[in-house]
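*Asks:* I need the structure of the sequence given here:
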Amino acid sequence: MTGSDIEERVTSLKFWCSRPVIEPLSGGITNRNYRASADGEEFVVRVCDELPHLGIDRKNETLCQTEAHQAGVAPGIVYSEPGILVSEFVEGETLTKARVREPEMTTVIARTVRIYHGYWDKLRGELLYFCPFQTIRTYMQTALGLLADLPGDIDCLVIDSQELSHKMSPYRPTLCHNDLLAANFIAGPKKMWIVDWEYAGIGNPLFDLASISSNASFSTEQDEFLLQAYRGTTERTDLFELRALKTVSLLREALWSMIQTVTSELDFDYVEYARTNFEAYKEARASLSAGGHQL
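*Replies:* Take a look at the predicted model:
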(Lines give C-alpha, C1' and ligand atoms only; values in the text may rest on other atoms or scores of the structure.)
Protein backbone atom coordinates (compact mmCIF):
# COMPACT_ATOMS: atom_id res chain seq x y z
CA MET A 1 0.00 0.00 0.00
CA THR A 2 1.13 3.56 -0.70
CA GLY A 3 1.38 6.16 2.03
CA SER A 4 -1.83 7.80 0.85
CA ASP A 5 -3.65 4.45 0.87
CA ILE A 6 -2.53 3.83 4.44
CA GLU A 7 -3.64 7.28 5.56
CA GLU A 8 -7.03 6.79 3.90
CA ARG A 9 -7.45 3.55 5.79
CA VAL A 10 -6.55 5.24 9.09
CA THR A 11 -8.96 8.13 8.61
CA SER A 12 -11.77 5.76 7.54
CA LEU A 13 -11.76 3.50 10.60
CA LYS A 14 -15.19 2.64 11.99
CA PHE A 15 -13.92 3.79 15.39
CA TRP A 16 -14.11 7.48 14.51
CA CYS A 17 -17.29 9.47 15.08
CA SER A 18 -15.95 12.15 12.73
CA ARG A 19 -13.05 12.06 10.28
CA PRO A 20 -9.81 12.62 12.21
CA VAL A 21 -6.83 14.84 11.44
CA ILE A 22 -3.71 12.68 11.34
CA GLU A 23 0.03 13.27 11.16
CA PRO A 24 2.84 10.71 10.86
CA LEU A 25 4.95 10.02 13.93
CA SER A 26 8.68 9.64 13.36
CA GLY A 27 11.03 7.17 14.98
CA GLY A 28 9.43 3.77 14.33
CA ILE A 29 11.56 1.16 12.54
CA THR A 30 8.96 -1.63 12.37
CA ASN A 31 5.54 -0.03 11.80
CA ARG A 32 3.90 3.15 10.54
CA ASN A 33 2.53 5.29 13.34
CA TYR A 34 0.21 8.30 13.34
CA ARG A 35 -1.08 10.83 15.81
CA ALA A 36 -4.82 11.28 15.29
CA SER A 37 -7.05 14.08 16.56
CA ALA A 38 -10.78 13.43 16.59
CA ASP A 39 -13.73 14.78 18.58
CA GLY A 40 -11.47 16.70 20.94
CA GLU A 41 -9.31 13.67 21.81
CA GLU A 42 -5.84 12.50 20.82
CA PHE A 43 -4.82 8.98 19.84
CA VAL A 44 -1.88 7.02 18.45
CA VAL A 45 -2.68 4.74 15.52
CA ARG A 46 -0.31 1.92 14.67
CA VAL A 47 -0.54 0.33 11.23
CA CYS A 48 0.83 -3.07 12.01
CA ASP A 49 0.62 -6.26 9.99
CA GLU A 50 1.27 -9.67 11.47
CA LEU A 51 5.04 -10.17 11.31
CA PRO A 52 5.75 -13.80 12.21
CA HIS A 53 9.26 -13.62 10.71
CA LEU A 54 10.09 -11.16 13.52
CA GLY A 55 8.21 -13.11 16.17
CA ILE A 56 5.42 -10.52 16.36
CA ASP A 57 1.93 -11.78 17.17
CA ARG A 58 -0.59 -8.94 17.28
CA LYS A 59 -3.03 -10.77 19.55
CA ASN A 60 -0.21 -11.27 22.05
CA GLU A 61 0.80 -7.61 21.72
CA THR A 62 -2.73 -6.50 22.54
CA LEU A 63 -2.91 -8.82 25.55
CA CYS A 64 0.48 -7.68 26.86
CA GLN A 65 -0.24 -3.97 26.45
CA THR A 66 -3.61 -4.46 28.15
CA GLU A 67 -1.94 -6.11 31.14
CA ALA A 68 0.73 -3.39 31.23
CA HIS A 69 -2.04 -0.78 31.17
CA GLN A 70 -3.71 -2.52 34.11
CA ALA A 71 -0.36 -2.36 35.91
CA GLY A 72 -0.33 1.40 35.25
CA VAL A 73 2.63 1.76 32.90
CA ALA A 74 1.19 1.60 29.34
CA PRO A 75 -1.44 3.61 27.43
CA GLY A 76 -4.80 1.91 27.11
CA ILE A 77 -5.97 0.35 23.85
CA VAL A 78 -9.23 1.87 22.64
CA TYR A 79 -9.73 0.07 19.33
CA SER A 80 -8.18 -2.68 17.25
CA GLU A 81 -8.82 -4.58 14.04
CA PRO A 82 -6.50 -6.69 11.89
CA GLY A 83 -3.53 -4.48 11.02
CA ILE A 84 -4.60 -1.52 13.18
CA LEU A 85 -4.09 -0.69 16.86
CA VAL A 86 -5.42 2.56 18.34
CA SER A 87 -4.10 3.60 21.76
CA GLU A 88 -4.55 6.55 24.05
CA PHE A 89 -2.15 9.40 23.35
CA VAL A 90 0.02 10.25 26.35
CA GLU A 91 1.73 13.59 26.78
CA GLY A 92 5.40 13.63 27.60
CA GLU A 93 9.00 13.65 26.47
CA THR A 94 10.14 10.81 24.24
CA LEU A 95 13.49 9.86 25.71
CA THR A 96 16.85 9.70 23.99
CA LYS A 97 19.82 7.50 24.89
CA ALA A 98 21.47 10.42 26.64
CA ARG A 99 18.37 11.08 28.76
CA VAL A 100 18.09 7.40 29.74
CA ARG A 101 21.69 7.50 30.99
CA GLU A 102 21.00 10.42 33.35
CA PRO A 103 21.00 9.00 36.92
CA GLU A 104 17.69 10.56 37.92
CA MET A 105 15.99 9.29 34.77
CA THR A 106 17.61 5.85 35.11
CA THR A 107 16.13 5.62 38.59
CA VAL A 108 12.63 6.50 37.39
CA ILE A 109 12.91 3.98 34.56
CA ALA A 110 14.10 1.21 36.89
CA ARG A 111 11.20 1.81 39.29
CA THR A 112 8.69 1.86 36.41
CA VAL A 113 9.99 -1.43 35.01
CA ARG A 114 9.80 -2.92 38.50
CA ILE A 115 6.09 -2.02 38.65
CA TYR A 116 5.02 -4.26 35.79
CA HIS A 117 7.55 -6.95 36.68
CA GLY A 118 5.89 -7.05 40.10
CA TYR A 119 2.51 -7.60 38.46
CA TRP A 120 3.32 -11.28 37.84
CA ASP A 121 0.71 -12.71 40.23
CA LYS A 122 -2.12 -10.69 38.61
CA LEU A 123 -1.45 -11.49 34.95
CA ARG A 124 -4.26 -12.91 32.85
CA GLY A 125 -4.58 -14.21 29.31
CA GLU A 126 -2.57 -16.56 27.12
CA LEU A 127 0.62 -14.52 26.91
CA LEU A 128 3.45 -15.89 24.78
CA TYR A 129 6.78 -16.98 26.23
CA PHE A 130 9.90 -15.02 25.24
CA CYS A 131 13.48 -16.29 25.42
CA PRO A 132 16.27 -14.21 23.82
CA PHE A 133 18.42 -17.28 23.16
CA GLN A 134 15.60 -19.03 21.31
CA THR A 135 14.88 -15.79 19.44
CA ILE A 136 18.49 -15.58 18.24
CA ARG A 137 18.40 -19.13 16.88
CA THR A 138 15.06 -18.50 15.19
CA TYR A 139 16.15 -15.18 13.70
CA MET A 140 19.26 -16.76 12.24
CA GLN A 141 17.18 -19.54 10.67
CA THR A 142 14.77 -16.96 9.25
CA ALA A 143 17.56 -14.74 7.92
CA LEU A 144 19.20 -17.71 6.21
CA GLY A 145 15.88 -18.67 4.62
CA LEU A 146 15.48 -15.13 3.31
CA LEU A 147 19.02 -15.19 1.88
CA ALA A 148 20.04 -12.20 3.99
CA ASP A 149 23.70 -11.20 3.69
CA LEU A 150 24.84 -12.52 7.06
CA PRO A 151 28.44 -12.09 8.24
CA GLY A 152 30.76 -15.03 7.64
CA ASP A 153 31.24 -15.73 11.34
CA ILE A 154 27.52 -15.82 12.19
CA ASP A 155 27.55 -19.51 13.16
CA CYS A 156 30.36 -18.91 15.63
CA LEU A 157 28.61 -15.87 17.09
CA VAL A 158 25.35 -17.73 17.65
CA ILE A 159 27.02 -20.83 19.11
CA ASP A 160 29.11 -18.61 21.36
CA SER A 161 26.04 -16.75 22.59
CA GLN A 162 24.33 -20.03 23.49
CA GLU A 163 27.11 -20.81 25.94
CA LEU A 164 25.89 -17.86 27.97
CA SER A 165 22.46 -19.45 28.35
CA HIS A 166 23.98 -22.15 30.57
CA LYS A 167 25.25 -19.47 32.95
CA MET A 168 21.80 -18.05 33.72
CA SER A 169 20.20 -18.63 37.12
CA PRO A 170 16.57 -19.70 37.61
CA TYR A 171 14.20 -16.73 37.68
CA ARG A 172 10.54 -15.94 38.32
CA PRO A 173 8.92 -15.49 34.88
CA THR A 174 6.82 -12.37 34.51
CA LEU A 175 5.57 -9.88 31.93
CA CYS A 176 8.56 -8.39 30.10
CA HIS A 177 8.68 -5.73 27.38
CA ASN A 178 11.81 -7.11 25.68
CA ASP A 179 12.45 -4.07 23.46
CA LEU A 180 13.27 -1.17 25.76
CA LEU A 181 14.68 1.33 23.31
CA ALA A 182 15.02 4.86 24.66
CA ALA A 183 12.18 6.01 22.37
CA ASN A 184 9.81 3.53 24.00
CA PHE A 185 9.91 5.56 27.22
CA ILE A 186 7.73 8.66 27.46
CA ALA A 187 8.36 10.81 30.50
CA GLY A 188 5.04 12.45 31.36
CA PRO A 189 4.46 15.23 33.88
CA LYS A 190 3.36 12.75 36.55
CA LYS A 191 4.60 9.31 35.48
CA MET A 192 6.73 7.32 33.06
CA TRP A 193 4.93 5.56 30.21
CA ILE A 194 6.22 2.59 28.23
CA VAL A 195 4.94 2.05 24.67
CA ASP A 196 5.34 -0.48 21.81
CA TRP A 197 4.62 -3.85 23.42
CA GLU A 198 4.88 -5.93 20.22
CA TYR A 199 7.81 -8.06 21.44
CA ALA A 200 6.44 -8.46 24.95
CA GLY A 201 5.81 -11.79 26.63
CA ILE A 202 6.51 -13.86 29.71
CA GLY A 203 10.23 -13.98 30.33
CA ASN A 204 13.29 -13.09 32.39
CA PRO A 205 12.99 -9.66 34.05
CA LEU A 206 16.75 -9.19 33.88
CA PHE A 207 16.52 -9.17 30.09
CA ASP A 208 14.49 -5.95 30.28
CA LEU A 209 17.31 -4.33 32.25
CA ALA A 210 19.79 -5.69 29.73
CA SER A 211 17.67 -4.22 26.93
CA ILE A 212 17.77 -0.80 28.59
CA SER A 213 21.52 -1.08 29.02
CA SER A 214 22.33 -2.27 25.50
CA ASN A 215 20.02 0.18 23.72
CA ALA A 216 21.26 3.17 25.72
CA SER A 217 24.94 2.10 25.63
CA PHE A 218 25.43 1.90 29.40
CA SER A 219 28.89 1.57 30.90
CA THR A 220 29.62 -1.06 33.56
CA GLU A 221 29.20 1.61 36.22
CA GLN A 222 25.82 2.58 34.78
CA ASP A 223 24.81 -1.10 34.76
CA GLU A 224 25.57 -1.23 38.47
CA PHE A 225 23.54 1.92 39.07
CA LEU A 226 20.59 0.52 37.08
CA LEU A 227 20.64 -2.74 39.03
CA GLN A 228 20.88 -0.86 42.33
CA ALA A 229 17.93 1.35 41.36
CA TYR A 230 15.89 -1.70 40.33
CA ARG A 231 16.69 -4.17 43.13
CA GLY A 232 18.21 -2.08 45.89
CA THR A 233 21.32 -4.28 45.77
CA THR A 234 24.11 -5.06 43.32
CA GLU A 235 25.02 -8.71 43.66
CA ARG A 236 27.95 -9.95 41.59
CA THR A 237 25.89 -12.77 40.04
CA ASP A 238 23.10 -10.39 39.05
CA LEU A 239 25.56 -7.97 37.50
CA PHE A 240 27.23 -10.72 35.48
CA GLU A 241 23.88 -12.02 34.22
CA LEU A 242 22.77 -8.49 33.32
CA ARG A 243 25.96 -7.98 31.31
CA ALA A 244 25.63 -11.41 29.68
CA LEU A 245 22.05 -10.72 28.64
CA LYS A 246 23.19 -7.32 27.38
CA THR A 247 25.49 -9.02 24.89
CA VAL A 248 22.65 -11.34 23.88
CA SER A 249 20.35 -8.33 23.37
CA LEU A 250 22.85 -6.82 20.95
CA LEU A 251 23.12 -10.01 18.87
CA ARG A 252 19.37 -10.38 18.78
CA GLU A 253 19.04 -6.79 17.53
CA ALA A 254 21.68 -7.39 14.84
CA LEU A 255 19.89 -10.47 13.52
CA TRP A 256 16.55 -8.66 13.66
CA SER A 257 18.12 -6.00 11.46
CA MET A 258 19.35 -8.57 8.96
CA ILE A 259 15.80 -9.87 8.51
CA GLN A 260 14.59 -6.31 8.02
CA THR A 261 17.15 -5.69 5.27
CA VAL A 262 15.16 -8.16 3.17
CA THR A 263 11.57 -7.68 4.35
CA SER A 264 11.03 -4.05 5.40
CA GLU A 265 9.84 -1.25 3.13
CA LEU A 266 10.54 1.51 5.67
CA ASP A 267 13.17 4.14 4.90
CA PHE A 268 15.80 3.05 7.41
CA ASP A 269 19.40 1.88 7.07
CA TYR A 270 19.05 -1.63 8.49
CA VAL A 271 22.40 -2.71 7.06
CA GLU A 272 24.29 -0.11 9.08
CA TYR A 273 22.11 -0.79 12.13
CA ALA A 274 23.00 -4.48 11.88
CA ARG A 275 26.71 -3.76 11.47
CA THR A 276 26.70 -1.50 14.52
CA ASN A 277 24.99 -4.12 16.66
CA PHE A 278 27.24 -6.96 15.50
CA GLU A 279 30.28 -4.88 16.45
CA ALA A 280 28.72 -3.90 19.77
CA TYR A 281 28.03 -7.57 20.50
CA LYS A 282 31.66 -8.53 19.88
CA GLU A 283 32.91 -5.70 22.09
CA ALA A 284 30.49 -6.56 24.89
CA ARG A 285 31.36 -10.26 24.64
CA ALA A 286 35.09 -9.51 24.82
CA SER A 287 34.52 -7.25 27.81
CA LEU A 288 32.53 -9.97 29.54
CA SER A 289 35.37 -12.46 29.10
CA ALA A 290 37.95 -9.89 30.17
CA GLY A 291 36.03 -9.51 33.41
CA GLY A 292 37.04 -12.99 34.42
CA HIS A 293 34.23 -14.99 32.87
CA GLN A 294 35.99 -17.01 30.18
CA LEU A 295 33.20 -19.05 28.61
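
*Asks:* what comes up buried for stretch 80-98?
*Replies:* For stretch 80-98, a neighbour-count test (16 or more other Cβ atoms under 10 Å) marks 80, 84-87, 89, 94-95 as buried. For the C-beta atoms, the positions are set from N, CA and C on the backbone; glycine is no exception.

*Asks:* does residue 37 sit in a helix, a strand or a coil?
*Replies:* Taking DSSP: H, G, I helix; E, B strand; the rest coil as the rule, one finds residue 37 in the strand state.

*Asks:* you'd agree it is up against residue 19?
*Replies:* No: using Cβ atoms under 8 Å, residue 37 is not in contact with residue 19, being 10.5 Å away.

*Asks:* save the buried residues of stretch 80-98 as JSON lines, and put in distance to residue 205, secondary structure and pLDDT too.
*Replies:* Shown next, in JSON lines, are the buried residues of stretch 80-98 (distance: Cβ to Cβ, whole Å; DSSP: H, G, I helix; E, B strand; the rest coil; pLDDT from 0 to 100):
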{"residue": "80", "distance to residue 205": "27", "secondary structure": "strand", "pLDDT": "93"}
{"residue": "84", "distance to residue 205": "31", "secondary structure": "strand", "pLDDT": "94"}
{"residue": "85", "distance to residue 205": "25", "secondary structure": "strand", "pLDDT": "95"}
{"residue": "86", "distance to residue 205": "29", "secondary structure": "strand", "pLDDT": "96"}
{"residue": "87", "distance to residue 205": "24", "secondary structure": "strand", "pLDDT": "97"}
{"residue": "89", "distance to residue 205": "28", "secondary structure": "coil", "pLDDT": "95"}
{"residue": "94", "distance to residue 205": "24", "secondary structure": "strand", "pLDDT": "95"}
{"residue": "95", "distance to residue 205": "20", "secondary structure": "coil", "pLDDT": "97"}
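
*Asks:* coming back round to it: so for residue 37 and residue 19, which sits in the more crowded spot?
*Replies:* Taking neighbours as other Cβ atoms under 10 Å, residue 37 and residue 19 compare with residue 37 leading, 13 against 10.

*Asks:* dig out what that one forms beta bridges with.
*Replies:* residue 21, residue 42 (DSSP bridges).

*Asks:* list the contacts for it?
*Replies:* Listed by Cβ atoms under 8 Å, 6 or more residues apart in numbering, the contact set of residue 37 reads 20-22, 43.

*Asks:* PyMOL command for the buried members of these?
*Replies:* Selection of buried members from those for PyMOL, criterion 16+ other Cβ under 10 Å:
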select buried, resi 20+22+43
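
*Asks:* list the helices and strands the helix or strand harbouring residue 98 packs on?
*Replies:* Secondary-structure assignment from DSSP states H and E places residue 98 in helix 97-101. Applying 3 or more Cβ pairs under 8 Å, 6 or more residues apart in numbering; DSSP states H and E, one finds that helix 97-101 contacts helix 103-117, helix 205-215.

*Asks:* which other residues reach that helix?
*Replies:* Around helix 97-101, the neighbours that count as contacts under Cβ under 8 Å, 6+ apart are 93, 105-106, 109, 182, 185, 187, 212, 215-218, 222.

*Asks:* who wins on neighbours among those?
*Replies:* Greatest neighbour count in the contacts of helix 97-101, by other Cβ under 10 Å, goes to residue 212: 29 neighbours.

*Asks:* which residue ranges form the strands in the protein?
*Replies:* 21-25, 32-38, 41-47, 77-81, 84-88, 93-94, 174-176, 185-187, 192-194, 201-203 (DSSP state E).

*Asks:* starting at the chain centroid, how far to the second one?
*Replies:* I take that to be strand 32-38. Here strand 32-38 shows a centroid-to-chain-centroid distance of 21 Å under the convention Cα atoms, centre = their mean, to the nearest Å.

*Asks:* average model confidence for that strand?
*Replies:* Strand 32-38 shows a mean pLDDT of 92.

*Asks:* contacts only, for the residue most central in space within the chain.
*Replies:* For the chain, residue 179 is the residue whose C-alpha lies nearest the centre (Cα atoms, centre = their mean; 1.2 Å). Residue 179 sits next to 196, 198-200, 211 when contact means Cβ under 8 Å, 6+ apart.
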